[in-house]
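Participant: output the structure for:
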Amino acid sequence: MVLFTVLLFPLLTTAALVRHRHRDDHAHTVSKRLPSTWYHRSDHPVQELFRRDAATDGATYAQVLLSLVCGLSCEHTRFKSNAFKVARRVKCGRSLLGPYLMSQFPPTFPNENPTYPSGFDPNGAVVCSATYKCRNPLDVWDAPDNHIGISFDDGPQPASDTLLKFLADNNETATHFMIGVNIIENPNEFLTAFKMGGDIAVHTWTHPYMTTLSNEDVVAQLGYTTQLIHDSTGGRVPKFWRPPFGDSDNRVRAIAKEVFGLTTVIWNQDTEDWSLTSGGTTAQIINASMTEWITGPKSPGLIILEHELSDQSVASFMSAYPLMKSNNWITASVAQIVDGTSAYQNSASSSAAVTLSDILATNSSNSGSSNAASVSGSSSSSAARYVDP
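Facilitator: Residues are numbered from 1 along each chain as shown. The predicted structure is shown next:
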């Protein structure tokens, strides 16, 4: 319970601030894929979304939050072992993290840009901080030539409804890097994004600067969010995550990959649309930037940082989309152009079969997990339930 307290209370104290922590002040035609079936049977895992012990709808998100609060003492909590199990492994110094344990270099100091202690070069091979534009070859920064990877951060939000309708009307899907507490607060928008085939990815629980956190808190931020997505999408384990503010380094990257099998996705252009509502930028400035990028070179392809935070940020994407098409860009969800298959480690899509698996990686991939069992996406509600190995 000591470890639970260490992990839980920083998350709860920052959860109330998450709506105001969306600063990203740092530099930076394909058809929608066909579903594997054209309908969902009543026993399909999609029918099990957001349920606990009985068939309910998004209103049960309050219960999900309560299960987080009561922690290990709750008999039916969705989070009862995985995140804490991983945190214990990290704390005990086991070899999950390869060469990038905290003993090699410590967390950064919170600042405008996180600052490393003296002697640690943020652009060096040991640290390789994405905030300082060091590109680790395992990270994703660019789309393939001629492609624009569509993605949105900080959802789900009330503004997501307008965005999702626009995507559906244009036969597009996107990767939605979602914040855990926002999923709880906006379950209907989350459900809509998932049911329409949107690719759900991790954007942490409360949107912190990740390099400022301890190993245990990095695990908690990623683990809680990954578990919530797993339990709310019929058991699917996300494959991608994006660090808030683009703040990652080799320590954080190793935890994400080696513990949860998550690939880090950054961006190569930044609209700064998060600041539209605070006067930090304008629709005209964003339009000028978008026009420059979209009419410019197509090598490398574009991964543009955009948000589904507000009606204004959504409108900026909608205004730029026709220009993408008229300039003959190939547009697709970031997850699909990066991986070529799926946004999930254990399912081909939001409607395909699911391989039962917990959220922990095995050799950086859940696909080889010894506790996994293949099940049909339309045959059992157990795909929506956590299975403790």
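
Participant: the strands in the chain, which residues?
Facilitator: Along the chain, counting by DSSP state E, strands occupy 147-155, 175-178, 199-202, 240-241, 263-264, 269-270, 302-305, 330-333, 354-356, 373-375.

Participant: got these as JSON lines, with mean neighbour count columns?
Facilitator: C-beta coordinates here come from the backbone N, C-alpha and C atoms, glycine included. As requested, the strands of the chain are exported to JSON lines (neighbours: other C-beta atoms under 10 Å):
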{"stretch": "strand 147-155", "mean neighbour count": "26"}
{"stretch": "strand 175-178", "mean neighbour count": "30"}
{"stretch": "strand 199-202", "mean neighbour count": "27"}
{"stretch": "strand 240-241", "mean neighbour count": "26"}
{"stretch": "strand 263-264", "mean neighbour count": "21"}
{"stretch": "strand 269-270", "mean neighbour count": "18"}
{"stretch": "strand 302-305", "mean neighbour count": "24"}
{"stretch": "strand 330-333", "mean neighbour count": "22"}
{"stretch": "strand 354-356", "mean neighbour count": "23"}
{"stretch": "strand 373-375", "mean neighbour count": "13"}
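
Participant: so where's the stretch 101-250 of the chain uncertain?
Facilitator: 101-105, 111-112 (pLDDT under 70).

Participant: would you turn the strands of the chain into a markdown table with distance to residue 125?
Facilitator: Shown next, in a markdown table, are these (distance: least, C-beta to C-beta, whole Å):
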| stretch | distance to residue 125 |
| --- | --- |
| strand 147-155 | 27 |
| strand 175-178 | 27 |
| strand 199-202 | 26 |
| strand 240-241 | 22 |
| strand 263-264 | 16 |
| strand 269-270 | 25 |
| strand 302-305 | 24 |
| strand 330-333 | 32 |
| strand 354-356 | 36 |
| strand 373-375 | 40 |
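
Participant: for residue 113, find the nearest of those strands.
Facilitator: Checking the strands of the chain against residue 113 by C-beta to C-beta gives strand 269-270 as the closest, at 14.2 Å.

Participant: tell me what the closest one is packed against?
Facilitator: Counting contacts by 3 or more C-beta pairs under 8 Å, 6 or more residues apart in numbering; DSSP states H and E, strand 269-270 is packed against strand 302-305.

Participant: give me the contacts around the strand it packs on.
Facilitator: 24, 28, 140-143, 147-149, 151, 153, 246, 265-271, 290, 293-294, 329, 334 (C-beta atoms under 8 Å, 6 or more residues apart in numbering).

Participant: can you do 7 Å?
Facilitator: With C-beta atoms under 7 Å, 6 or more residues apart in numbering as the test, strand 302-305 has contacts from 24, 28, 141-143, 148-149, 153, 267-271, 293, 334.

Participant: average pLDDT for it?
Facilitator: Averaged across strand 302-305, the pLDDT comes to 99.

Participant: please export the C-alpha coordinates of it as PDB.
Facilitator: Provided in PDB are the C-alpha atoms of strand 302-305 (Å, rounded to 0.1, in the frame of the first residue of the first chain):
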ATOM      1  CA  LEU A 302       4.100  15.200 -42.500                       C
ATOM      2  CA  ILE A 303       3.200  14.300 -38.900                       C
ATOM      3  CA  ILE A 304       1.600  17.500 -37.700                       C
ATOM      4  CA  LEU A 305       0.800  18.100 -34.000                       C
END
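
Participant: partners of it in the sheet?
Facilitator: strand 147-155 (parallel), strand 269-270 (parallel) (DSSP bridges).

Participant: dump those to a markdown table, plus distance to residue 280.
Facilitator: Formatted as a markdown table, the strands paired with strand 302-305 follow (distance: least, C-beta to C-beta, whole Å):
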| stretch | distance to residue 280 |
| --- | --- |
| strand 147-155 | 15 |
| strand 269-270 | 12 |
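
Participant: wait, which of these is closest to residue 233?
Facilitator: strand 147-155 (14.2 Å).

Participant: who touches that closest one?
Facilitator: If you take C-beta under 7 Å, 6+ apart as the criterion, strand 147-155 is touched by 22, 143, 163, 172, 174-179, 182, 189, 203, 242, 301-303, 305-309, 324, 329-334, 337.

Participant: residue 279 - how many residues pack around it?
Facilitator: Using other C-beta atoms under 10 Å, the number of residues around residue 279 comes to 7.

Participant: which neighbouring elements make contact with the longest helix seen in the chain?
Facilitator: Longest helix in the chain, counting residues (DSSP state H): helix 215-232. Applying 3 or more C-beta pairs under 7 Å, 6 or more residues apart in numbering; DSSP states H and E, we find helix 215-232 packed against helix 2-15, helix 82-91, helix 180-185, strand 199-202, helix 260.

Participant: kindly recompute the last result at 6 Å.
Facilitator: Under the contact definition 3 or more C-beta pairs under 6 Å, 6 or more residues apart in numbering; DSSP states H and E, helix 215-232 sits against helix 82-91, helix 180-185, strand 199-202.
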